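Trainee: sequence and predicted structure are below.
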Amino acid sequence: MTLFAHALRRLRSQVMWFSIGLGVWGAMYIFLFPVMQDSMAQIDYPPEILEAFGAGSGNIGDPRVFFDVEFFSLGPSIMAVYAVIAGTGALAGEESAGTMDFIAALPISRRRLFLQKALAVATGAVLVAVCTATIAWIATAPWNDIGGDLTVLQLVAATLAMVPFVLMVAAVGMLLGAVSPSRASAAAWTGDFVVIADLVVAIASITDSVERFQYLSPYYYTDLPGILEDRSEEHTSELQSR
């Protein structure tokens, strides 16, 4: 068994449980939305609250706004928890388990060790996103009327768009795991990084005085806040240009 296969095998529990959890959570909203759509459309949320969740429209009855607020506002942060666990465990986890000396004794270079560990973490993140999209959208959306212009393909694409952010968090976790005195401290610092990155964008969207600080957050460049509305607007502009 290669080191990559061994590392990916050790992540199988995290991949499975995060996939099931996110997938069932998304599927729940697929089944609930047709029932809740009319009542949600009548709720008048403060625009500042919606902007903090990445929603530019005030109509929660719009499926794009609904899924942006209910799933894709928190989905990246939940997937980032996988990245914290997997990233900090890739190197610091071996040290904590006392297996680093054995791995270091294998006839492979440190660069190859790092690359195979990183590839396993990245593969796990992609598997979580793919399995989540399969359970939440592909297996359920065709059997439910979610209305509007929202399609299964858009939901799948938005889910896969979370992967780069998750990989970035995993990379930070691996870096901190390599320099921190313990895996616990590495996980704590990485978790703080995720929370701050998310809060900076959320607060900047409703507070003009700190708006300029959103450019310091990597979360800002993922295009995840309001991703379904953004994609729909781009699609509409393309159709109008034709």
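Mentor: Yep, that arrived.
Trainee: what stretches of the protein score poorly on pLDDT?
Mentor: Along the chain, the model assigns pLDDT under 70 to residues 1, 46, 48, 52-58, 92-107, 148, 230-242.
Trainee: now the residue nearest the centre of it: closest residue in space, sequence neighbours ignored.
Mentor: For the chain, the residue sitting closest to the mean C-alpha position, by CA atoms, centre = their mean, is residue 76 at 2.5 Å. Leaving aside its sequence neighbours, residue 76 sits nearest to residue 162 (CB to CB, 6 or more residues apart in numbering; 4.8 Å). Just so you know, the C-beta spots here come from the backbone N, C-alpha and C atoms, and that holds for glycine as well.
Trainee: how many residues are close by that neighbour?
Mentor: When neighbours are counted by other CB atoms under 10 Å, residue 162 registers 25.
Trainee: surely the residue nearest to the centre of the chain meets residue 225?
Mentor: No - when contacts are counted by CB atoms under 8 Å, residue 76 is not listed as touching residue 225 (9.3 Å).
Trainee: overlap of the contact sets of these two?
Mentor: Common contacts of residue 76 and residue 225, defined by CB atoms under 8 Å, 6 or more residues apart in numbering, comprise residue 219.
Trainee: would you check that the residue nearest to residue 76 makes contact with residue 74?
Mentor: No - using CB under 8 Å, residue 162 makes no contact with residue 74, being 10.9 Å away.
Trainee: so who does residue 72 touch?
Mentor: Neighbouring residues of residue 72 by CB under 8 Å, 6+ apart: 54, 158, 162, 224, 227-228.
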